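Q: no sequence on this one, just coordinates:
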């Protein structure tokens, strides 16, 4: 987050003109679409018209996020929260876990009295974007100052477990056939501590997290990113008008290092942060992206830092990491400045122009989003080149997500936007607290076109956007979206692309589940290759479904896949029929 106030006066920033509110697509947007997608604007208007609808009201999800605020405008109140999509009960339908927050109180244990106050909650999927709240006595409902979450099978028993980060002690919900038990302290993943100048000890503020087999020993380890050294007693007073309190920015607090918890293979973890080389790198982390950038078989980590240079932790094997953010080119923007990084995602665009991984990072308002192309020798910024810089300068972007939403074989990019300061419009008229999400359509040329105005009513609403996840909630083959809000209900954006395919010709797809974490899948169809990697983390404090979705457009030819596991083993399948979900889990 950037400072909203500098030297006692509001900093004036140049902003793009406000979007029209008449529901029409601006001429400038249509021109950009033509330039970047190589298609006519009228064609794209037909393709994306009314494709996303917010179906929260009929979904059965009655969750409303609490900021944990009591009128103090403490820093954590503006930051939450995330969500996860997983099949918790093994019935084949995606379930939704939503993170909530208690009010922080000085001098008390981080975990409030059981049974009192708002709780993170589990909603069991019934198909067709329908959910039922888990029973009141379900132990998946925990109360803490929640931030984010990740999903992973900690014990290797086939049941997905949920890790929850918080301002203070974190939680691990162990899943045993849809029966839950909180075990963070018991198994060694409750989090670390920091000390102030007087030697007083405090629990860390954890944010993004992700499971991966970082040492390739067959079980899942856990990377936990941390934010700043904050307590209710050290909250710093900040004002925009000289009188009332505003949310303080993180540059006024010392940062914290990230943590690595190593799975011992018996259901317990060891804190391997020091041996991994993480404790000497204090950041202000909000996003964690996992990827094997150098294809050496070991998962690397990119960390999006808020008002500090981003980190690139290269995995040297044996749970040892080298921080290469500066020398790799991802620490700063193209002007040598550290941006206010929020959410993050990594993907392979899979075209001739960008045939390696790209890293997308959402930034603060007045900062365009970052897009870095990994060239093999390092990262280079390409956001302006591919058409993302101008349209993303004004919004404040938290959730960042790559997904093939129109099933054409090219990854699209979705952004969840929303400001921190509820009264920001008083001080910066071009900015809003609640903001529209954005959808950028990917193309064969590697460029992106802003089709937000054509994406349906779900992209016309404004939200105080934070987390963003994707998954097929209605079983029609395309990816739906869940967007979380700070202090409000989430949005469930049903994607009607496959449902309405008769209006624009049939679309085809292949979904693959049952993969090992870190598995890389190459799909070959009609002379073209697409690549997806199954890994956790990404977006903002959130976890999307584990099934990989490949769009095939109008072609219904049989396809083949090549699966490459992190341990180096590979296998092929095919020819395969399209419009099916292939389960590769061992019997």
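A: Thanks, I have the structure now. Quick caveat: nothing in here was measured; it's all calculated off a predicted structure.
Q: which regions of the stretch 251-400 of the chain lie under the pLDDT threshold?
A: The model of the stretch 251-400 of the chain has pLDDT under 70 over residues 351-355.
Q: Now do the strands in it.
A: 256-257, 259-263, 269-271, 282-283, 285-291, 300-305, 311-315, 321-323, 344-348, 357-361, 370-374, 379-381, 397-403 (DSSP state E, counting those that start in this stretch).
Q: Output the ones you listed as CSV; include the columns mean neighbour count.
A: Placement of C-beta: from N, CA and C, glycine included. Below are the strands of the stretch 251-400 of the chain laid out as CSV (neighbours: other CB atoms under 10 Å):
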stretch, mean neighbour count
strand 256-257, 22
strand 259-263, 25
strand 269-271, 18
strand 282-283, 22
strand 285-291, 27
strand 300-305, 28
strand 311-315, 24
strand 321-323, 19
strand 344-348, 25
strand 357-361, 26
strand 370-374, 25
strand 379-381, 19
strand 397-403, 29
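Q: Now tabulate those strands in a markdown table and tack on distance to residue 443.
A: Shown next, in a markdown table, are the strands of the stretch 251-400 of the chain (distance: least, CB to CB, whole Å):
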| stretch | distance to residue 443 |
| --- | --- |
| strand 256-257 | 40 |
| strand 259-263 | 38 |
| strand 269-271 | 43 |
| strand 282-283 | 34 |
| strand 285-291 | 22 |
| strand 300-305 | 25 |
| strand 311-315 | 28 |
| strand 321-323 | 34 |
| strand 344-348 | 14 |
| strand 357-361 | 14 |
| strand 370-374 | 14 |
| strand 379-381 | 19 |
| strand 397-403 | 14 |
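Q: who wins for proximity to residue 524 among those strands?
A: Between residue 524 and the strands of the stretch 251-400 of the chain, the tightest spacing by CB to CB is seen for strand 344-348, at 14.2 Å.
Q: need the helices for the protein, in chain order.
A: Using DSSP state H, the helices of the chain run over 27-37, 41-48, 56-59, 184-187, 273-276, 325-328, 424-427.
Q: so how far is the last one from its chain's centroid?
A: It stands for helix 424-427. 27 Å (CA atoms, centre = their mean, to the nearest Å).
Q: tell me the average confidence for that helix?
A: The predicted model assigns helix 424-427 a mean pLDDT of 89.
Q: mind starting the numbering at 21 from now?
A: Okay, residue one is now 21; in that scheme the one you just asked about reads as helix 444-447.
Q: tell me which residues of that helix are tucked away?
A: residue 444 (16 or more other CB atoms under 10 Å).
Q: Would you agree residue 571 is in contact with residue 527?
A: Yes. Using CB atoms under 8 Å, residue 571 is in contact with residue 527, at 7.1 Å.
Q: Can you work out which residues contact both of those two?
A: 426, 427, 428 (CB atoms under 8 Å, 6 or more residues apart in numbering).
Q: start to end distance for stretch 192-209?
A: Start and end residues of stretch 192-209 are separated by 7 Å (CA to CA, to the nearest Å).
Q: still on that earlier bit, ok, residue 571 and residue 527, which is more surrounded?
A: Neighbours were tallied for residue 571 and for residue 527 using other CB atoms under 10 Å; the higher tally belongs to residue 571 (25 against 22).
Q: what's the closest non-adjacent residue to that one?
A: residue 427 (3.2 Å; CB to CB, 6 or more residues apart in numbering).
Q: Give me the pLDDT for the one you found.
A: Looking at residue 427, the pLDDT reads 94.
Q: Can you list phi and psi of it for me?
A: phi 60, psi 30 (degrees, to the nearest 10).
Q: burial count for it?
A: 23.
Q: Residues contacting stretch 207-217, please?
A: 174, 183, 185-186, 188-192, 194, 204, 221-224, 226, 242, 244, 246, 249, 254, 276, 279, 281, 287-291, 293.
Q: Which residues belonging to it are considered buried?
A: Buried residues in stretch 207-217 (16+ other CB under 10 Å): 207, 208, 209, 210, 211, 212, 214.
Q: my guess is residue 539 meets residue 583, correct?
A: Yes. The pair residue 539 / residue 583 is scored as a contact, 5.8 Å apart, by CB under 8 Å.
Q: Tell me which of the two has more neighbours.
A: residue 539 (21 against 18).
Q: Which residues lie in contact with the more buried one in this structure?
A: Taking CB under 8 Å, 6+ apart, one finds 553, 554, 583, 584, 585, 586 in contact with residue 539.
Q: For it, give its distance to residue 360.
A: 33 Å (CB to CB, to the nearest Å).
Q: so what's residue 553 closest to, chain neighbours aside?
A: Per CB to CB, 6+ apart, closest to residue 553 is residue 540, 4.8 Å.
Q: Residue 580 now?
A: Per CB to CB, 6+ apart, closest to residue 580 is residue 594, 3.0 Å.
Q: Which neighbouring residues are in contact with the one you found, exactly?
A: 544, 578, 579, 580, 581.
Q: Identify the bridge partners of the nearest residue to the third one once chain neighbours are set aside.
A: To tie it back to what came earlier, the one meant is residue 579. With CB to CB, 6+ apart as the criterion, residue 579 has its nearest non-adjacent residue at 4.1 Å, and that residue is residue 545. Note on residue 545: beta-bridge partners residue 548, judged by DSSP bridges.
Q: correct me, but residue 545 touches residue 574?
A: No. With contacts counted by CB under 8 Å, residue 545 stays clear of residue 574, the gap being 11.7 Å.
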